[in-house]
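>>> My questions are about this predicted structure, shown below with the sequence.
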Amino acid sequence: MSIRQPKPKQIRLPFDVPKPKKGADAPVKVCGICRSKDSHYTCPRCNVPYCSLACFRDQSHTQCSEPFYRSTVVDQIAADPKAELEEKRRMMDMLRRFEDAAAEGDDVMAALEEDSDDDDDLAAALDGVDLEDIDSNALLRLLPQAHRDAFLAAIKNPESESAKELLESALAAGEGEEGGDDNDEPPLPSVLPWWEAGELDDEAEAYASPPADIDTAATDSINPPPGVGIKLGYNLLALCLAYTSTLLSFRLPSLSEEYLAEQRVGTVEVKDELQSLLPFLEARSTVRYESARAAWGAVWERVGRDGEQPPAAALVRLLQIAAGMLHPPITTDPPLVALVLADVHSLFSAPKAGATAKKMAFYRTAMKQVDRQEWLSLEREVLREAQKLDEELEEPHETQEPARPSLTLL
């Protein structure tokens, strides 16, 4: 995993970002977009704090939100082995949209005449060509020069109107009848992940309901030895990272059967992913991590096991989310990691609770031994790791790979 990345260029915002006063004690940041609510997130491109998805998508923030969605879709298309075939089928329509965008503002009649001539040239060039079997490069060479130049110009400049038209065309075609088979990527979930929910009641409907805590019937008979709870703290960190990564990968707001069905994801797929990221979920495993770096290192190494490592900025974000899940509330409620345990416990309890579900119940009971100061110490350690990685992302020179995680037997 390469942590060092080029320093992102500065982005000029159409609004002012509120700055904390010098000497103040870590004030709560106000949303830099709506300026009416406390912020819960930070834009990875411009660092403006924002409170909700609605503010992230606000018109004044489109210079960050649009490139984010565009790059996400492009990355997913590039990773999809079926995308090449679909692109071939839609190339004629995409090129036509390029021409329409390029001709915007010119004389309408002249544009229509040019379009007619170009269409004739394109039809002649592709006459008799099997778009199902031809290689993409060969197809590009067959295109008339005007079409080829327009296509390459759009690819070289992803911010251009032509490139935007290409992306919109691909998305629209993917949502139509041609892209409507069962193998297509599921749509975005109808709600946001449960752990992102704030304290405002009027926004509650936009988030998934939090998982119900593990029933006491599954934990009453469990009596962990004294001191075990804090020893499992780094395993709980690894669980939070793997859980969040898995849900985001499958576009799930929780492991509820409702959302699994909505996103067309099977329980076996999710179980396999979690078990591949967390070796201690296996029945006889006694793996225990000794530090936060060991925990995130082990999970992150497995996330990139197929050779396609996500950007290091994604790891920073996962660590920030995990720190929030480990934060002990001032109330008597347990940290959110208890609900992570509950969600995983519920998944592995169907149709019958096995070793993994019982381990989650054991962890849930053991974490009751951890006091508030120990939770806060663990949270601070995770945030320090996230800050270190974030600082490394801004440095221009190369660094060494992080040390491999250490494993300890209980």
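Sure, I can see it.
>>> tell me which residues in the helix or strand containing Q275 are buried?
Assigned by DSSP states H and E, Q275 belongs to helix 267-277. Neighbour counts using 16 or more other Cβ atoms under 10 Å place V270, K271, E273, L274, Q275, L277 of helix 267-277 among the buried residues. C-beta: built from backbone N, CA, C; applies to glycine.
>>> wait, what's in contact with the second one?
By Cβ atoms under 8 Å, 6 or more residues apart in numbering, K271 lies in contact with L347, F348.
>>> any idea how far it lies from R364?
As judged by Cβ to Cβ, to the nearest Å, K271 and R364 stand 19 Å apart.
>>> Ok, the fifth one next?
For Q275, the distance to R364 (Cβ to Cβ) stands at 19 Å.
>>> need the longest helix for the protein.
helix 372-394 (DSSP state H).
>>> which residue packs closest to W300, ignoring adjacent ones?
L315 (5.6 Å; Cβ to Cβ, 6 or more residues apart in numbering).
>>> Would you agree that neighbour falls within a strand?
No: with DSSP: H, G, I helix; E, B strand; the rest coil as the criterion, L315 is assigned helix and is not in a strand.
>>> wait, L281 sits on Q275?
Yes: in terms of Cβ atoms under 8 Å, L281 counts as a neighbour of Q275; the distance is 5.1 Å.
>>> what's the overlap in contacts for these two?
Between them, L281 and Q275 share the contacting residues T356, judged by Cβ under 8 Å, 6+ apart.
>>> circling back to that earlier point, for the longest helix of the chain, which positions count as buried?
Buried-residue list, helix 372-394, by 16+ other Cβ under 10 Å: W375, L378, E379, E381, V382, L383, E385, A386, L389, D390, E392, L393.
>>> So for those, which is the shakiest by pLDDT?
Lowest pLDDT among the buried residues of helix 372-394: L393, with 82.
>>> from what I can see it touches R317, true?
No: counting by Cβ under 8 Å, L393 sits too far from R317 to count as a contact (11.4 Å).
>>> low-confidence ranges in the stretch 301-410 of the chain?
Along the stretch 301-410 of the chain, the model assigns pLDDT under 70 to residues 306-307, 395-410.
>>> those helices in it, which residues are they?
312-326, 337-348, 355-366, 372-394 (DSSP state H, counting those that start in this stretch).
>>> could the ones you listed be laid out in JSON lines, adding distance to S52?
What follows is the helices of the stretch 301-410 of the chain, written out as JSON lines (distance: least, Cβ to Cβ, whole Å):
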{"stretch": "helix 312-326", "distance to S52": "16"}
{"stretch": "helix 337-348", "distance to S52": "21"}
{"stretch": "helix 355-366", "distance to S52": "30"}
{"stretch": "helix 372-394", "distance to S52": "22"}
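>>> right, and those - which one's nearest A238?
helix 312-326 (8.8 Å; Cβ to Cβ).
>>> what's that closest one in contact with?
Residues contacting helix 312-326 (Cβ under 8 Å, 6+ apart): 1-3, 5, 44, 195, 233, 236-237, 240-241, 244-245, 296, 300, 335-337, 340, 375, 378-379, 382-383, 385-386, 389-390, 392-393.
>>> on that earlier part again, just checking, next helix/strand downstream of the helix holding Q275?
strand 287-289.
>>> For that following strand, name the packing helices and strands.
Under the contact criterion of 3 or more Cβ pairs under 8 Å, 6 or more residues apart in numbering; DSSP states H and E, strand 287-289 touches helix 233-249, strand 407-409.
>>> Output the below-cut-off pLDDT ranges for the stretch 151-300 of the chain.
154-186, 198-205.
>>> what ranges do the helices span in it?
161-175, 228-231, 233-249, 257-262, 267-277, 292-303.
>>> can you put these in a markdown table and add distance to A153?
Listed next are the helices of the stretch 151-300 of the chain as a markdown table, based on distance: least, Cβ to Cβ, whole Å:
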| stretch | distance to A153 |
| --- | --- |
| helix 161-175 | 7 |
| helix 228-231 | 59 |
| helix 233-249 | 34 |
| helix 257-262 | 40 |
| helix 267-277 | 40 |
| helix 292-303 | 36 |
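>>> Of all the ones you listed, which one is nearest V48?
Across the helices of the stretch 151-300 of the chain, closest to V48 is helix 233-249 (Cβ to Cβ), at 21.7 Å.
>>> send the alpha carbons of that closest one over as PDB?
Taking Å, rounded to 0.1, in the frame of the first residue of the first chain, the C-alpha atoms of helix 233-249 are listed here in PDB:
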ATOM      1  CA  GLY A 233     -10.100  -3.400  21.900                       C
ATOM      2  CA  TYR A 234      -7.900  -3.600  18.800                       C
ATOM      3  CA  ASN A 235      -9.900  -6.500  17.500                       C
ATOM      4  CA  LEU A 236     -13.000  -4.300  17.900                       C
ATOM      5  CA  LEU A 237     -11.200  -1.600  15.900                       C
ATOM      6  CA  ALA A 238     -10.500  -4.200  13.100                       C
ATOM      7  CA  LEU A 239     -14.200  -5.200  13.300                       C
ATOM      8  CA  CYS A 240     -15.400  -1.600  12.800                       C
ATOM      9  CA  LEU A 241     -13.000  -1.100   9.800                       C
ATOM     10  CA  ALA A 242     -14.000  -4.400   8.100                       C
ATOM     11  CA  TYR A 243     -17.700  -3.800   8.800                       C
ATOM     12  CA  THR A 244     -17.700  -0.300   7.400                       C
ATOM     13  CA  SER A 245     -15.600  -1.300   4.300                       C
ATOM     14  CA  THR A 246     -17.900  -4.300   3.600                       C
ATOM     15  CA  LEU A 247     -21.100  -2.200   3.900                       C
ATOM     16  CA  LEU A 248     -19.700   0.600   1.700                       C
ATOM     17  CA  SER A 249     -18.500  -2.000  -0.900                       C
END
